[in-house]
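*Asks:* attaching a predicted model along with its sequence, questions to come.
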Amino acid sequence: EYIGGTAKVYDLTATILEETSAGSATVQPVGFSGLPSVQRGQTSATISFSTPVASTAVIEYGQAPPYTATVADASPQTGHAITLTGLSAATQYHFRIRASASGRRDSISRDFVFVTAPATPNMLTNPGFETGNTTGWATFGNVPPPVKSSDIGGLAPHSGSYFLGSAYGGGSAPWGGAYQRVSVDPARPVTFQGWLYTYQLFGFNADAEHMVLGQIGIDPAGGTDPNGASVRWSPLTSAQDWRAPVFESRYQDIALAVQPQGGHVTVFCRGGQPNLGSNPSIISYVIYGWDDMCLTQPPVTLSGVGDIRSRPDGTAVAIPDVIVTAAASEAGANYVQDPGRAAGVRCESSAAFPRGHRVTVQGTLATKPSGERYLQGAIITADASSGEAVSLGARNRSLGSLTLDGAGPGNVGLLVRAWGRVESQQANYFVLNDGSSPQGIKVSTASLTAPLPATPFVEVTGILQLEGTAPDGTPLLRPRSDADVTVH
């Protein structure tokens, strides 16, 4: 080739391609219609995407390439939604899509990344900058205060009303960010995640050094210098898809995990143009932004339900090998207990737990106004069918976390069985008295549909709850259905 009268010589040996079969190189590929979207859960994710022709699809995924697992969609269609299950919370996953159709060449997407939702409380102050300022954060470099979407060309925050970032004309997006130092448990790793948006307007003749990028970092020693040697940074990332026809930009989630070296860590987020190069004006317009930052630690694993008594509210815990004794529709909330009936606990969740299953449950400890402890935001992270739990029989005086004489077991949350004479029938409860206490035990009828039999003696199985206000909370027995009431 001659350019300007000068001969140019190229080595093309590395560009020689070979067909897998005769004519296969000219077969039209399946192709993809736009970019995939990911609906993120704590232990699952649903990946939706489209192909221009009906095709089958396989998603290959793992925490890092090479991919270690696959899920297939064997039904030929143009709209696909494939769910990945058994994932870990607050964890970054990579995936790619392979689409196949008769008479077409397979299409394989590039590598994509998503981060599962956290299952433990966010440890950061002002994580989404919703105060409208950097309360809780310190800034470095050239960083403006948090802005609204109306402030930067209509770019909306990932959620809420504010995000940290800015827009620049003339191609110059200064490099800077924010950091926050946080107290942590040094025995457990930390995961820092956040949502990055970048956009730049230029042709493909621009140099890579002009790209608008972002990254997150963690100093496991708690230092606050972004240039410190101990800071671990994620790779520089663009949230703009350069292979899409319109160079689409959207928020991209990024995660980084490290083991603390002491009682504090410092998290960093930064963005802009790390290298402006010799001609920054080649870019006419740039935007970057950070939102919904989150720092978490995995839950404390307990040896049994009874261990919650020594843990304060706000502690994220995991309790393995417990049996589900009631679903929310049966007892107002899910309940689980130790197989040996040592203790049980209320689990408040948006999902119904499968009764009779042996599970690992995870959530954040909290206390009801009545004094009953419970798991907030509870999820199941392991599940196996087991069989119905066996109830614990007890006299009325022994039911409740504090009995009349203060000597009874802490059995609130357990599946228990009580018996006695029916007294004081009301619209939504009756009193059961076996003579061991003056007031007997109050029994809820919220989950019962059949009228109470005329016989005065019954046996009731149900979840032992607390009602009222601590320290005067009183026990309430909640049968799960009519089958829990036996006439004698």
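*Replies:* On my side now, so go ahead.

*Asks:* give me the mean pLDDT for stretch 470-478.
*Replies:* Average pLDDT, stretch 470-478: 91.

*Asks:* got the end-to-end distance for it?
*Replies:* End-to-end distance for stretch 470-478: 19 Å, by C-alpha to C-alpha, to the nearest Å.

*Asks:* quick one: distance of that stretch to the chain centre.
*Replies:* The chain centre lies 33 Å from the centre of stretch 470-478; the measure is C-alpha atoms, centre = their mean, to the nearest Å.

*Asks:* now it: buried residues?
*Replies:* 473-478 (16 or more other C-beta atoms under 10 Å). No exception for glycine: its C-beta is placed from N, CA and C like everyone else's.

*Asks:* need the residues you listed in TSV (columns: secondary structure and distance to Val58).
*Replies:* Listed next are these as TSV, based on DSSP: H, G, I helix; E, B strand; the rest coil; distance: C-beta to C-beta, whole Å:
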residue	secondary structure	distance to Val58
Gly473	coil	54
Thr474	strand	57
Pro475	strand	54
Leu476	strand	52
Leu477	strand	51
Arg478	strand	47
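
*Asks:* nearest to Thr461, of those?
*Replies:* Leu477 (8.7 Å; C-beta to C-beta).

*Asks:* ok, the closest one - contacts?
*Replies:* Going by C-beta atoms under 8 Å, 6 or more residues apart in numbering, Leu477 touches 399, 416, 418, 432, 441-444, 460, 462-465.

*Asks:* and if we set it to 10 Å?
*Replies:* The contact partners of Leu477, by C-beta atoms under 10 Å, 6 or more residues apart in numbering, come to 396, 399, 416-418, 429, 432, 441-444, 460-465, 484.

*Asks:* from Gly128, how far out is it?
*Replies:* Distance of Leu477 to Gly128, computed by C-beta to C-beta, to the nearest Å: 43 Å.

*Asks:* got it, and Thr315?
*Replies:* Distance from Thr315 to Gly128, by C-beta to C-beta: 24 Å.

*Asks:* more crowded one of those two?
*Replies:* Set Thr315 next to Gly128 and count neighbours by other C-beta atoms under 10 Å: Gly128 wins out with 23 against 17.

*Asks:* show the pLDDT at the closest residue to Gly306 other than its chain neighbours.
*Replies:* Nearest non-adjacent residue to Gly306, counting by C-beta to C-beta, 6 or more residues apart in numbering: Ala343, 3.9 Å away. With respect to pLDDT, Ala343 has a value of 93.

*Asks:* what about Ala343, neighbour count?
*Replies:* Ala343 sits with 23 neighbouring residues when counted by other C-beta under 10 Å.

*Asks:* surely it touches Ser310?
*Replies:* No. With contact defined as C-beta atoms under 10 Å, Ala343 does not count as touching Ser310 (11.9 Å).

*Asks:* distance of His89 relative to Ala119?
*Replies:* Careful, residue 89 is Ala and not His. From Ala89 over to Ala119 the distance is 4 Å, taken as C-beta to C-beta.

*Asks:* what do these two both touch?
*Replies:* Here Ala89 and Ala119 have 41-43, 296, 298-299, 362, 379, 381 as joint contacts, going by C-beta under 10 Å, 6+ apart.

*Asks:* just list whatever residues bridge to Gly177.
*Replies:* Beta bridges link Gly177 to Phe140, Arg270 when assigned by DSSP bridges.

*Asks:* pretty sure it is touching Leu164, no?
*Replies:* Yes. Look at Gly177 against Leu164 with C-beta under 10 Å: they come within range, at 8.1 Å.

*Asks:* now the common contact residues for the two.
*Replies:* Common neighbours of Gly177 and Leu164 (C-beta under 10 Å, 6+ apart) are 137, 139, 143, 269, 271, 288, 290.

*Asks:* would you mind checking these for buried ones?
*Replies:* Among these, those that count as buried by neighbour count (16+ other C-beta under 10 Å) are 137, 143, 269, 271, 288, 290.

*Asks:* for Gly23, state which of those is nearest.
*Replies:* The shortest approach to Gly23 among those belongs to Tyr288, at 46.2 Å (C-beta to C-beta).

*Asks:* contacts only, for the residue nearest to the spatial centre of the chain.
*Replies:* Centre of the chain computed as the mean C-alpha position; nearest residue by C-alpha atoms, centre = their mean is Ala117, 2.0 Å away. Ala117 is in contact with 40-45, 87, 89-91, 193, 253, 294, 379, counting by C-beta under 10 Å, 6+ apart.

*Asks:* which of those residues fall in strands?
*Replies:* Counting by DSSP state E, the part of the contacts of Ala117 found in strands is 40, 44-45, 193, 253, 294, 379.

*Asks:* which one (most neighbours) among those?
*Replies:* Each of these was scored for neighbours by other C-beta under 10 Å, and Gln193 scores highest at 25 neighbours.

*Asks:* dig out what it forms beta bridges with.
*Replies:* Beta bridges link Gln193 to Ala255, Cys294 when assigned by DSSP bridges.

*Asks:* now do the same contact list for the closest residue to Thr139 other than its chain neighbours.
*Replies:* Of all residues beyond its chain neighbours, the one nearest Thr139 is Ala178 (4.9 Å), with distances taken as C-beta to C-beta, 6+ apart. By C-beta under 10 Å, 6+ apart, Ala178 lies in contact with 129, 134, 136-141, 143, 146, 164, 226, 267-271, 290, 293.
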